[in-house]
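Asker: For reference, the sequence and a predicted model appear below.
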Amino acid sequence: LEDLAKVRAQFNLNDWGYCQLSYKVGMELYKTEDMANLFCWFVLTKSGYDSKVGYDAEHVYLLLATKTSIFGEPHLVLDEKDYYCISLGEVGYNPVNLYTYGESYPDADDLIDMNLENSPFLEEVIVERILSFSYKDSTWSFPIKQNKTLIEFLGDYPSTDLDIYFLAKLSPLAKQSLVEGLSPILEGKTEMAALNILLRFVQTAFPYQTDEQQFGSENSLFPDETLYYDYCDCEDRSFLFSILVEDFLALKVIGLDYPGHIATAVELKYEVEGDTISYNGNDYLVCDPTYINADIGVVMPQFIDVEPEIIQFR
């Protein structure tokens, strides 16, 4: 356990990364998924996490209690707590009849935190793409460098609550590329002009596709993934736009959850023309990263009279 804790610290792994590390060590030691799940359960339990194992006639399953919801994975409820049957290997699970136990290991009550505010330190396999966008009479292009190993790590992330994606920071490699590409464009611009440029960048530099079209199922993308994949949808654009606004303009952002659509709104310190959302006594200017070529303060026509649910993540 001490060695695993040292490796975890060395690679800056969050709770999900620690689960992955424990499972992969189990696979190296025991060569089967069932034994790897048992090993992972042992490590997590001894590390203070609330986890269980279940079984049926075919497999042993790892059951994790998490701070946030996990979507698309089977789960069971014990003592009013959700335990998610999450596969850490390549084979997905969907057990019909699952047996487990009711007791908990002493002092193992920590919930798995899916938060990814800091990127793990992973082996670098650098890939590059060119991003292009236009605003008014200007067109810009610049390269984005990313670590493919990080993209693979994020690809194994289970779908969870939207605020986890809004909270996620950019990796240092991707952020540096964006700083080098966007800073010269934003230099000398007013706050409103800079906000419009960032909005147009996210609206037009990334072609739109639904998750079903690109991946075959729902698959929210972290900001690094949006920069990597060929396509993205409304929620992915909103996650990326929010972190760009925070990093480049130091403005507060909230998420707007409309029926079937995600957008954002930015808190401003002075009055500006446009559609606003009032939240906690402050006005937030609507910024929709999916309403192509719409400037700040413009709501999609179908949502003008719709009151969105607010996603506050900071």
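Answerer: Sure, I can see it.
Asker: And the strands in the stretch 101-250 of the chain?
Answerer: 126-135, 138-147, 159-160 (DSSP state E, counting those that start in this stretch).
Asker: out of these, nearest to Glu90?
Answerer: Glu90 sits nearest to strand 159-160 of all those, at 17.4 Å, using Cβ to Cβ. For the C-beta atoms, the positions are set from N, CA and C on the backbone; glycine is no exception.
Asker: Name every strand pairing with the closest one and say which way it goes.
Answerer: Paired with strand 159-160 in the same sheet, following DSSP bridges, are strand 70-71 (antiparallel).
Asker: Identify the residues contacting the partner strand?
Answerer: 64, 84, 86, 114, 158-160, 218 (Cβ atoms under 8 Å, 6 or more residues apart in numbering).
Asker: quick one: buried residues of the next helix or strand after it?
Answerer: Per DSSP states H and E, the first helix or strand lying C-terminal to strand 70-71 is strand 75-78. Across strand 75-78, burial judged by 16 or more other Cβ atoms under 10 Å covers 75-76, 78.
Asker: which residues touch Asn37?
Answerer: Taking Cβ under 8 Å, 6+ apart, we find Asn37 in contact with 23, 26, 53, 59-62, 88.
Asker: So which of the strands of the stretch 101-250 of the chain is nearest Leu178?
Answerer: strand 138-147 (7.1 Å).
Asker: Show me what that closest one is packed against.
Answerer: Counting contacts by 3 or more Cβ pairs under 8 Å, 6 or more residues apart in numbering; DSSP states H and E, strand 138-147 is packed against strand 126-135, helix 172-186, helix 223-228.
Asker: Just send these back as a markdown table, with distance to Tyr258 too.
Answerer: A markdown table is the format used below for the helices and strands packed on strand 138-147 (distance: least, Cβ to Cβ, whole Å):
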| stretch | distance to Tyr258 |
| --- | --- |
| strand 126-135 | 24 |
| helix 172-186 | 27 |
| helix 223-228 | 19 |
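Asker: tell me the most buried of these?
Answerer: Across the helices and strands packed on strand 138-147, averaging neighbours per residue (mean count of other Cβ atoms under 10 Å) puts helix 223-228 on top, at a mean of 24.
Asker: any weak-confidence spans in the stretch 51-200 of the chain?
Answerer: For the stretch 51-200 of the chain, the stretches with pLDDT under 70 are 91.
Asker: For Ser141, grab the count of nearby residues.
Answerer: When counting by other Cβ atoms under 10 Å, one arrives at 11 neighbours for Ser141.
Asker: Tell me if I'm right that it and Ser132 touch.
Answerer: Yes - judged on Cβ atoms under 8 Å, Ser141 makes contact with Ser132 at a distance of 4.2 Å.
Asker: will you turn the contacts of strand 70-71 into CSV that also has neighbour count and distance to Gly92?
Answerer: Below are these laid out as CSV (neighbours: other Cβ atoms under 10 Å; distance: Cβ to Cβ, whole Å):
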residue, neighbour count, distance to Gly92
Leu64, 26, 15
Tyr84, 20, 12
Ile86, 23, 9
Met114, 21, 18
Pro158, 18, 11
Ser159, 18, 13
Thr160, 21, 16
Glu218, 13, 14
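Asker: In three-state terms, how would Thr68 be classified?
Answerer: coil (DSSP: H, G, I helix; E, B strand; the rest coil).
Asker: Start at 722, not 1
Answerer: I'll keep to 722 as the first residue from here, and by that count the last item is Thr789.
Asker: which ones are touching it?
Answerer: Thr789 neighbours (Cβ under 8 Å, 6+ apart): 835, 881-882, 884-885.
Asker: Which ones among the residues you listed map onto helices?
Answerer: 884-885 (DSSP state H).
Asker: Closest to Gly902 out of the contacts of Thr789?
Answerer: The closest of the contacts of Thr789, once distances to Gly902 are taken by Cβ to Cβ, is Ile885, at 26.3 Å.
Asker: Spell out which residues sit in contact with that closest one, please.
Answerer: 789, 835-837.
Asker: For it, give its distance to Leu785.
Answerer: As for Ile885, its distance to Leu785 is 15 Å (criterion: Cβ to Cβ, to the nearest Å).
Asker: Among the contacts of Ile885, which one lies nearest to Glu1030?
Answerer: Out of those, the member with the shortest distance to Glu1030 (by Cβ to Cβ) is Thr789, at 16.1 Å.
Asker: Leaving out sequence neighbours, find the closest residue to the closest one.
Answerer: Asp882 (4.2 Å; Cβ to Cβ, 6 or more residues apart in numbering).
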